[in-house]
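# show me the folded form of this:
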Amino acid sequence: QVQLVESGGGLVQAGGSLRLSCAASGRSFSNYAMGWFRQAPGKEREFVAGISRMSTTHCKDSVKGRFTISRDNAKNTVDLQMNSLKPEDTGVYYCAADSGARHFGVSDNAYEYDYWGQGTQVTVSS
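Prediction:
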């Protein structure tokens, strides 16, 4: 089992940057694909970015070139660097772990993820 704790959210002006971090406890972190999802008020949770067990990455089209996901298996962390933030990036950001992913696989389907953090709020003002 994996416990996930997000940090790094906050309030930022449009065009600014934030770095989210997710710390995982438990064994075999390197065996999980990891993802970041977000949920805006009144909207469904959506995939933002993911990173496979072999560190291949996949991002939502609207964040490509602005967001970067990375992982450090020695520290059991996965980070999301967010640059050029826009008001539409506002939401609660969740870290998630997928135990069933293949080595290079990254799913954008929330139902594929087994473990979730509590979320961290990101607010981008215009």
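# how close does the residue nearest to the spatial centre of the chain sit to S84?
Centroid check for the chain by Cα atoms, centre = their mean gives W36 as the closest residue, at 2.0 Å. Note on W36: its distance to S84, by Cβ to Cβ, to the nearest Å, is 17 Å. To be clear about C-beta, it is placed using only N, CA and C from the backbone, and glycine gets the same treatment.
# identify each buried residue in stretch 41-59, please.
Buried positions in stretch 41-59, judged by neighbour count with 16 or more other Cβ atoms under 10 Å: 45, 47-53, 55, 58-59.
# which two in those residues are spaced the farthest apart?
Largest separation among the buried residues of stretch 41-59 by Cβ to Cβ: R45 and S55, giving 23.9 Å.
# where do the strands of the protein begin and end?
For the chain, the strands defined by DSSP state E cover 3-7, 10-13, 18-25, 33-39, 46-51, 57-59, 67-72, 77-82, 91-98, 115-116, 120-125.
# right, so of these, which gets closest to F104?
F104 lies closest to strand 33-39 among the strands of the chain, at 9.2 Å (Cβ to Cβ).
# circling back to that earlier point, now tabulate the buried residues of stretch 41-59 in CSV and tack on distance to D108.
Listed next are those as CSV, based on distance: Cβ to Cβ, whole Å:
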residue, distance to D108
R45, 11
F47, 4
V48, 9
A49, 9
G50, 7
I51, 12
S52, 12
R53, 16
S55, 17
H58, 7
C59, 9
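# pull the number of nearby residues for E88.
11 (other Cβ atoms under 10 Å).
# check contacts around it.
40, 62, 124 (Cβ atoms under 8 Å, 6 or more residues apart in numbering).
# distance of it from A97?
E88 is 26 Å from A97, by Cβ to Cβ.
# next one: Q81
For Q81, the distance to A97 - Cβ to Cβ - is 19 Å.
# out of the two, which sits in the busier spot?
Using other Cβ under 10 Å as the criterion, Q81 and A97 rank with A97 on top: 24 against 16.
# I figured that one hits V2, correct?
Yes - between A97 and V2 there is a contact at 5.0 Å, judged by Cβ atoms under 8 Å.
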